[in-house]
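Enquirer: Sequence first, predicted model second:
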Amino acid sequence: KGLSFRFTGNINPRWQHDFVIGASESKNNYVHQDSAQKIYKLRRFQLIDTIAKSEEVKNNIDDFQCTYNHSYQIDSRNTIHGGFSLNVVNSTFFTAYGVQSFIIDRQDTSRNYSTKSRIFSPFFRYVYNNQHLMMEAGLRGNRYNITKDKYPELRLQTSYKLSERFVLKASAGNYHQFVNRIYVNKSLDYMSAWVCSDGEMFPVVSSRNIMSGFNYTIGKGFNLDVELYHRNTDDLTSVFTYFKRNAKNKLTQIRKYLYGTNSCSGMDVMLRKSFSHYSAWLAYTLSKSMIENKKVNNAAKYPASDDQLHELKMFNTFSVGNWKLSASVVYGSGKTWQEITQLQDRNVELISQRLPEYFRTDVSLAYSKQLNRIKYSAGMTIFNVFNTKNTKTIVQKLSDNVLANIAENGSPIELSEVYGLGFTPNWFLGITF
């Protein structure tokens with residue numbers, strides 16, 4: 001939930017300013033518990049083992065932000081922008097996990113992180129624009145109260161119109177992120193938390209991006225947009241959970257936070273077509289995303305969880321009067337998941353494997369009507385119309401038959417598939433004024 005206000009005004013025809021202030025709150029409370037009882041028959045007696053599993057993730061984010069911006073048009077070609085923003089974020093993150101069993105060592109796994117951060121960011125931007133050339137250069141400074149460091153950011157962007165149909169474009173810049181999402185378990189949204197960087201357990205994430213491409217109007221109603229990009233991101237946090245035997249020949253559950261660098265390169269292609277009542281978009285992405293972590297696979301690179309070679313999306317919209325019918329189709333080659341084979345203090349060994357291909361179709365029908373200054377809308381959306389079974393990820397968990405598996409020199413770990421959204425109808429009603 002949140003609320004924001006925006007105030008804008010003109011000091012004179014060339015000098016404009018605006019002020020935005022807002023606050024929001026986000027909460028996530030995930031609690032999962034289950035148990036299973038197993039009876040093992042021995043020679044003269046039987047052993048009853050109850051395996052109780054629990055996982056808890058609680059997260060609360062309070063965010064306050066205000067931004068003040070000035071824009072001054074020097075002449076028809078030159079404009080400068082300047083201002084500042086203040087972002088205050090309070091985050092709490094509690095996590096606990098555990099397994100109780102005859103073969104499992106009990107331990108306190110609860111962890112509680114509470115952080116109050118403040119980011120003050122002055123910024124300046126210069127824009128030059130003539131009939132053919134557009135250039136934009138910006139500088140942003142970030143002062144982070146927790147680390148007491150300064151994080152400068154430089155952004156450059158340009159485009160050049162070779163003709164009325166063909167435009168070249170490029171951009172580059174570096175960025176910092178002070179509030180980051182931590183996936184406690186395998187990229188599952190409901191088992192994730194947003195936390196403020198503390199410079200130690202959760203470092204400030206930094207990235208460097210570069211992009212080049214072109215936009216070409218093929219003919220009447222057709223437009224082709226192509227972008228090539230490369231991005232490096234440092235200090236990404238990964239969470240690894242594993243079970244290993246201790247000196248008592250019992251299992252101990254271990255959870256480690258490790259930090260790596262992501263390198264991602266790819267190409268985005270989008271083809272658009274518009275008619276009087278119908279419009280369509282066809283988008284294709286070719287990409288490669290790799291992670292390098294000094295304590296994983298002896299610092300050898302391995303595919304990131306978002307590594308997906310191909311993705312194809314198609315969107316269609318048909319409008320008649322107050323009615324709008326839309327449909328989308330998404331196909332993607334399999335992403336990766338990592339199976340941990342060994343976890344030590346100095347190195348984590350894992351094997352990256354591919355998930356099955358992804359396919360989903362959504363349709364939506366909406367009706368809207370404007371009455372005076374109020375707009376009413378209503379409709380229905382059906383997600384995954386064909387109820388396609390898509391595997392989102394695969395997680396490792398302790399087997400319910402762990403004692404028998406260990407007795408037979410087997411693995412106490414079993415794999416479990418997590419599926420995406422199935423056939424899901426959704427109705428909506430909106431009022432805008």
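Expert: Great, that's in hand.
Enquirer: Show the model's pLDDT score for Ser192.
Expert: We have a pLDDT of 83 for Ser192.
Enquirer: Equivalent analysis for Asp75, please.
Expert: 91.
Enquirer: Could you check how far it is from Arg14?
Expert: As judged by C-beta to C-beta, to the nearest Å, Asp75 and Arg14 stand 9 Å apart. C-beta here means a position set from N, CA and C on the backbone, and glycine is covered the same way.
Enquirer: With Asn145 instead?
Expert: 36 Å.
Enquirer: So between Asp75 and Arg14, which is more surrounded?
Expert: Using other C-beta atoms under 10 Å as the criterion, Asp75 and Arg14 rank with Arg14 on top: 12 against 7.
Enquirer: Quick one: the strands in the stretch 251-400 of the chain, in order.
Expert: Residue ranges of the strands in the stretch 251-400 of the chain, as given by DSSP state E, counting those that start in this stretch, are 251-274, 278-292, 302-303, 310-320, 323-332, 336-343, 348-354, 358-371, 374-383, 391-398.
Enquirer: chain center to the longest one: distance?
Expert: When distances are taken as C-alpha atoms, centre = their mean, to the nearest Å, strand 251-274 is centred 9 Å away from the chain's centroid.
Enquirer: and the helix or strand where Leu139 lies, what's its mean pLDDT?
Expert: Element membership for Leu139, per DSSP states H and E: strand 133-144. In this model, strand 133-144 has an average pLDDT of 96.
Enquirer: okay, the angle between the helix or strand following it and strand 133-144?
Expert: Going down the chain from strand 133-144, the next helix or strand is strand 149-161, by DSSP H and E. Between strand 149-161 and strand 133-144, the angle comes out at 170 degrees (axes from the mean of the first three to the mean of the last three C-alpha atoms, to 10 degrees).
Enquirer: list the buried ones in stretch 216-229?
Expert: For stretch 216-229, the neighbour count (16 or more other C-beta atoms under 10 Å) marks 223-227, 229 as buried.
Enquirer: Just those residues: which are in helices?
Expert: Cross-referencing those against helices under DSSP state H gives no overlap.
Enquirer: Out of those residues, flag the one nearest to Leu139.
Expert: Nearest to Leu139 among these: Tyr229, at 22.0 Å, using C-beta to C-beta.
Enquirer: Would you mind measuring from the closest one to Cys66?
Expert: In terms of C-beta to C-beta, Tyr229 sits 32 Å off from Cys66.
Enquirer: Next: Phe5.
Expert: Separation of Phe5 from Cys66 (C-beta to C-beta) stands at 10 Å.
Enquirer: Just the pLDDT for the nearest residue to Phe7 once chain neighbours are set aside.
Expert: Among residues not flanking Phe7 along the chain, Phe19 sits closest, at 4.7 Å (C-beta to C-beta, 6 or more residues apart in numbering). Note on Phe19: pLDDT of 94.
Enquirer: contacting residues for Phe19?
Expert: Applying C-beta atoms under 8 Å, 6 or more residues apart in numbering, we find Phe19 in contact with 6-8, 66-69.
Enquirer: farthest-separated two in those residues?
Expert: Greatest spatial distance in the contacts of Phe19: Thr8 and Cys66, 14.3 Å, computed using C-beta to C-beta.
Enquirer: neighbour count winner among the two?
Expert: Counted by other C-beta under 10 Å, Thr8 and Cys66 do not tie: Cys66 has more neighbours, with 16 against 10.
Enquirer: buried ones in the strand or helix carrying Tyr30?
Expert: In the assignment (DSSP H and E), Tyr30 maps to strand 15-41. Residues of strand 15-41 classed as buried by neighbour count (16+ other C-beta under 10 Å): 16-17, 28, 30, 38.
Enquirer: Likewise for stretch 273-280?
Expert: Neighbour counts over stretch 273-280 (16+ other C-beta under 10 Å) mark 273, 279-280 as buried.
Enquirer: what do you get for stretch 60-72?
Expert: Residues 60-61, 63, 65-67, 69, 71 are the ones in stretch 60-72 that count as buried (16+ other C-beta under 10 Å).
Enquirer: which residue packs closest to Asp268, ignoring adjacent ones?
Expert: Residue nearest to Asp268 in three dimensions, not counting chain neighbours: Glu227, with 4.7 Å by C-beta to C-beta, 6+ apart.
Enquirer: For the one you found, list the residues it contacts.
Expert: 169, 211-213, 267-268.
Enquirer: so what pLDDT did Gln344 get?
Expert: 64.
Enquirer: thinking again about what came up before, I'd like the buried residues of stretch 60-72 as TSV, with pLDDT and secondary structure appended.
Expert: Shown next, in TSV, are the buried residues of stretch 60-72 (pLDDT from 0 to 100; DSSP: H, G, I helix; E, B strand; the rest coil):
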residue	pLDDT	secondary structure
Asn60	93	strand
Ile61	93	strand
Asp63	94	strand
Gln65	95	strand
Cys66	95	strand
Thr67	96	strand
Asn69	94	strand
Ser71	94	strand
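Enquirer: rewinding a little: closest one of the contacts of Phe19 to Trp337?
Expert: For those, the nearest to Trp337 is Thr67 (39.4 Å; C-beta to C-beta).
Enquirer: all strands of the stretch 51-200 of the chain, in order?
Expert: 78-100, 111-129, 133-144, 149-161, 166-177, 179-183, 192-196.
Enquirer: how about these, which one is nearest Thr252?
Expert: With C-beta to C-beta as the criterion, Thr252 lies closest to strand 78-100 of the strands of the stretch 51-200 of the chain, at 10.0 Å.
Enquirer: Tell me the helices and strands packed up against that closest one.
Expert: When contacts are defined as 3 or more C-beta pairs under 8 Å, 6 or more residues apart in numbering; DSSP states H and E, strand 78-100 sits against strand 46-73, strand 111-129, strand 179-183, strand 192-196, strand 251-274.
Enquirer: nearest to Val204, of those?
Expert: Taking the helices and strands packed on strand 78-100 one by one with C-beta to C-beta, strand 179-183 is closest: 8.4 Å.
Enquirer: now that closest one against strand 46-73, angle please.
Expert: For strand 179-183 against strand 46-73, the angle by the same axes, to 10 degrees is 160 degrees.
Enquirer: Kindly calculate the angle that strand 179-183 makes with strand 78-100.
Expert: If you take the same axes, to 10 degrees, strand 179-183 sits at 30 degrees to strand 78-100.
Enquirer: Return the set of buried residues in strand 179-183.
Expert: Of the residues in strand 179-183, 179-180, 182-183 count as buried by neighbour count, 16+ other C-beta under 10 Å.
Enquirer: what do you get for stretch 300-307?
Expert: Applying a neighbour-count criterion of 16+ other C-beta under 10 Å, one finds 302-305, 307 buried in stretch 300-307.
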